[in-house]
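Asker: output the structure for:
(chains A and B)
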There are 2 protein chains.
Amino acid sequence: MSLTDPILVEVLRGDSVECVHRGALVVLDAAGRVVFSVGDIEQAIYPRSAIKALQALPLVESGAADRYGFGHAELALACSSHSGEPRHAETAAAMLAKAGLTEATLECGAHWPSGASATQGLARSGGKPSALHNNCSGKHSGFVCFACQEGINPTGYVGIDHKVQRFVAEAVGEVTGHRLDRETAFGIDGCSIPTFAVPLKKLAHGFAKLATGEGVGPERAKAFARLRAACAAEPFMVAGSGRFCTDVMGLFGERVFVKTGAEGVFCAALPGQGLGVALKCLDGASRASEVMMATLIAKLVPMDEAERAKFQRFVTPVMKNWNGITVGGLRPTFS
Amino acid sequence: MSLTDPILVEVLRGDSVECVHRGALVVLDAAGRVVFSVGDIEQAIYPRSAIKALQALPLVESGAADRYGFGHAELALACSSHSGEPRHAETAAAMLAKAGLTEATLECGAHWPSGASATQGLARSGGKPSALHNNCSGKHSGFVCFACQEGINPTGYVGIDHKVQRFVAEAVGEVTGHRLDRETAFGIDGCSIPTFAVPLKKLAHGFAKLATGEGVGPERAKAFARLRAACAAEPFMVAGSGRFCTDVMGLFGERVFVKTGAEGVFCAALPGQGLGVALKCLDGASRASEVMMATLIAKLVPMDEAERAKFQRFVTPVMKNWNGITVGGLRPTFS
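Answerer: Residues are numbered from 1 along each chain as shown, chains lettered A, B, ... in the order given. The predicted structure is shown next:
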C-alpha cells in the first residue's frame, strides 16, 4: 500500500472541501505500454470483484457455458456484483437448475440484497435472503457449473486448494502475467474465495488483453469477446438498478466494459482504444473510485456531445439531501 | 482540508494492508491546552451530527425540555443520529405530541431507517418511511419544541436565517469560541440545516467544556450535565442496536460521552479527565473514525481489565464475511 499516492477526488459541501480521496491509476495497452498513470502503479492490490470477467474464463473455455445454454444474461451475471434484485436471483437459480443444482450448492453465504429497493421488496413480501441474493451468486453459479462440466465435486469449491479455484487462479494469472498461488499474498473475499494481490499495472494489462484479445490464444480471445458482448447486452445483470457499471455500460454498449470491486477498486476494458484500466482508491471508497473511472473514460473514449452531457453526472456527481436540495458534489483533481 | 495529515488507521485483509485512512485529531482540556494531537488541528471541518448535544442547548436552556416533560430518553434522542428503530420513531412522535405537533412539522425529509433491521421490519409490516425515521428526527423534534416554547413560528426552521438556527448557531459558537454566521464557511446538512465549519481544535475545546462545565455559565453547565446524563442513561436513543456510540456509552456510562458525525467526524467529552476530543477522518469513513476514537478512549480513560477486554473490539475491529469467516480487520497506526 503506497503512502504517497496523491489526492484524486475531492468531496465538496457548500463552499468547502469536506473530504478527499487518494488513489493510483494506470492505463495500458495490450503490449504493456503505459499510456497514462498517477501514483504507484507497481503496488499490489486485491482486485476483489473487479476481475469477475477474468474469473469467468473457465466457465466459458471449458464449454460449460455452451453445455448449459448460457446466453448473454447468464454470462453477464457470472461477471457481476449484483444488487440482489428479483431478476438477478432468478437467473442465478436458473443457471444452477440447468446443471441440475440448487442454491444449496452455493458457498458464498446469504445476505440481504445490496440494493435498498430489493431488500425492501423482499422484506415486504415476507421473504428471507438466500445465497441467491448474495451479490456474488452469479459468479458462484458459474463456478459450480464449471465444476459439473469438468466432473469436479463442487463441495468446498471456494477453497484456495480446490480444483475450481486453481483453474480460476491459473486463468487470472495467465491474463495478468502474475502467478497466483499459495506463494502470492492473498486474502479471503466477502464470498469466501481467495483474492490474490496483483500489481496495479499487471491488472490493467489483463484488461488491455480483455479489450483486444491480443496477447492470448484464439480460444481465450473468443471467450473475452463473448464475455464483453454479454455484459454490453445485459448491463443490468452486471450490477443493478441505478448502479455505475450498469448505467455506464448501458450508455456506451460494447465501447466500454467496466467493473467495480470492493474497497475502491475499478477495472475497465476499452476495445476501441485497445486499452486496459486499473485503479484503486486507497481508502476503499466506491464514490471516489467511480469518479476516477468516469474521469478516465471521459478522457479516453470518444463520445458525442449528447453522450458527454449524459455522462457528466458520473464525472462530477451531485450530492442531494433527503429533501432533494443540492448540498455538494464530487470532482476529480486530475485530468 | 489538510493535504499532509498522516495515516491513522489501516485495514487488513489476509497478510496485507488493503486500505488506509488518514486523519487529524486533538485532545484538549477546558482551558484550551492541547494534551495530544496528530495532524493539522487548525483546519476547519464541518462537524455535522457530532455536535448535536451542543445544538440541543436551546431546547434545555429555554425551559422547553422542562415544559414538555422531557426525560433522559427524549433528551438523548435530541442528541442522536438514530437508526430509525421503532422506539426512536415513537419517541420523536411523542416529543412532538407533547408540544401539540405532528411529524408534519418536521423539515428533515423522510428516509428509510439507516438501521438494516429497522428497514426490513418496516417493509415487512407494510410501512413506509416518514420524517420520524430520519436519523435526525430527534434533533428536529427538539428544534420545533424549542420554537413552540419561545413562540417562534417553526415553519422554515431549518433555514440559516430562521430564529431557531440563529439560536442554535449562537450556542454552538459560544461553546466552541468560533463565531458562526453567514460570514462563516457553511454547507447544508443531510437534514437541511446549516453545518458551519469549525477548526478542529475549537471543536475539541467545546467538548472539553461539555465534559467539565468549565468556561461557561452555571445554567449552561447544568444543561451540559443534564444532556450527558441523558445520553449515559439512554445510549440506545443516541444511535441504535449495534452502533458504536450506543455500545461505547453503554459500556462506560457517564465516563464517556461520544458522538459521531457524517463524513468521518467524531467528538467526545471525558468528564473524569476533563478533556474534549475532536477528530476527522479525511476520506469520511466511519469505520476509521471509530477506530481513531476508540484508540483515544483506550489511551485516556482508565478502565479495568474486564472493560479493556470488552472494549478491544472497538480498537481493533475484526472483519468477518458472509460465512462468518474472519477475513481481516482494522488497526490504529498511532498510539
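Asker: for the rest of this, base every contact and every neighbour count on C-alpha atoms.
Answerer: Will do.
Asker: ok, the closest residue to A:Leu28 other than its chain neighbours - contacts?
Answerer: Leaving aside its sequence neighbours, A:Leu28 sits nearest to A:Val34 (CA to CA, 6 or more residues apart in numbering or on different chains; 4.5 Å). Taking CA atoms under 8 Å, 6 or more residues apart in numbering or on different chains as the contact definition, A:Val34 lies against A:26-28.
Asker: determine the number of other residues adjacent to the nearest residue to A:Ala268 once chain neighbours are set aside.
Answerer: Spatial nearest neighbour of A:Ala268, chain neighbours left out: A:Val258 (4.3 Å); criterion: CA to CA, 6+ apart. A count of nearby residues for A:Val258, using other CA atoms under 10 Å in any protein chain shown, gives 30.
Asker: repeat that for A:Cys145.
Answerer: Counted with other CA under 10 Å, A:Cys145 comes out at 26.
Asker: list, one by one, the residues from the stretch 1-150 of chain A near chain B.
Answerer: Residues of the stretch 1-150 of chain A found near chain B (CA under 8 Å from any CA of the partner chain) are A:1, A:13-21, A:45-46, A:108-111, A:119-121, A:123-126.
Asker: among those, which are in strands?
Answerer: A:13, A:16-21, A:45 (DSSP state E).
Asker: got those as TSV, with distance to A:Phe207 and pLDDT columns?
Answerer: Shown next, in TSV, are those (distance: CA to CA, whole Å; pLDDT from 0 to 100):
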residue	distance to A:Phe207	pLDDT
A:Arg13	35	98
A:Ser16	37	96
A:Val17	33	97
A:Glu18	33	98
A:Cys19	30	98
A:Val20	27	97
A:His21	24	98
A:Ile45	15	98
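Asker: A:Ala31 and A:Gly276, how far apart?
Answerer: Distance, A:Ala31 to A:Gly276, by CA to CA, to the nearest Å: 11 Å.
Asker: now A:Val301
Answerer: Taking CA to CA, one finds A:Val301 at 12 Å from A:Gly276.
Asker: can you pull the contacts of A:Gly187?
Answerer: A:46, A:194-196, B:13-16, B:327.
Asker: which residue packs closest to it, ignoring adjacent ones?
Answerer: In this structure, A:Gly187 finds its nearest non-sequential neighbour in B:Gly14, 4.0 Å apart by CA to CA, 6+ apart.
Asker: same check, this time on A:Thr4
Answerer: Distance criterion CA to CA, 6+ apart; nearest residue to A:Thr4, sequence neighbours excluded, is A:Gly39 at 7.4 Å.
Asker: give the rounded mean pLDDT of stretch A:172-180.
Answerer: The average pLDDT within stretch A:172-180 is 97.
Asker: any residues touching it, and which ones?
Answerer: By CA under 8 Å, 6+ apart, stretch A:172-180 touches A:54-55, A:169-170, A:196, A:198, A:202-206, A:209, A:216.
Asker: dump these into JSON lines; add secondary structure and distance to B:Arg87 as well.
Answerer: Below are those laid out as JSON lines (DSSP: H, G, I helix; E, B strand; the rest coil; distance: CA to CA, whole Å):
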{"residue": "A:Leu54", "secondary structure": "helix", "distance to B:Arg87": "48"}
{"residue": "A:Gln55", "secondary structure": "helix", "distance to B:Arg87": "46"}
{"residue": "A:Ala169", "secondary structure": "helix", "distance to B:Arg87": "49"}
{"residue": "A:Glu170", "secondary structure": "helix", "distance to B:Arg87": "53"}
{"residue": "A:Phe196", "secondary structure": "strand", "distance to B:Arg87": "45"}
{"residue": "A:Val198", "secondary structure": "strand", "distance to B:Arg87": "48"}
{"residue": "A:Lys202", "secondary structure": "helix", "distance to B:Arg87": "52"}
{"residue": "A:Leu203", "secondary structure": "helix", "distance to B:Arg87": "49"}
{"residue": "A:Ala204", "secondary structure": "helix", "distance to B:Arg87": "50"}
{"residue": "A:His205", "secondary structure": "helix", "distance to B:Arg87": "53"}
{"residue": "A:Gly206", "secondary structure": "helix", "distance to B:Arg87": "52"}
{"residue": "A:Lys209", "secondary structure": "helix", "distance to B:Arg87": "55"}
{"residue": "A:Val216", "secondary structure": "coil", "distance to B:Arg87": "60"}
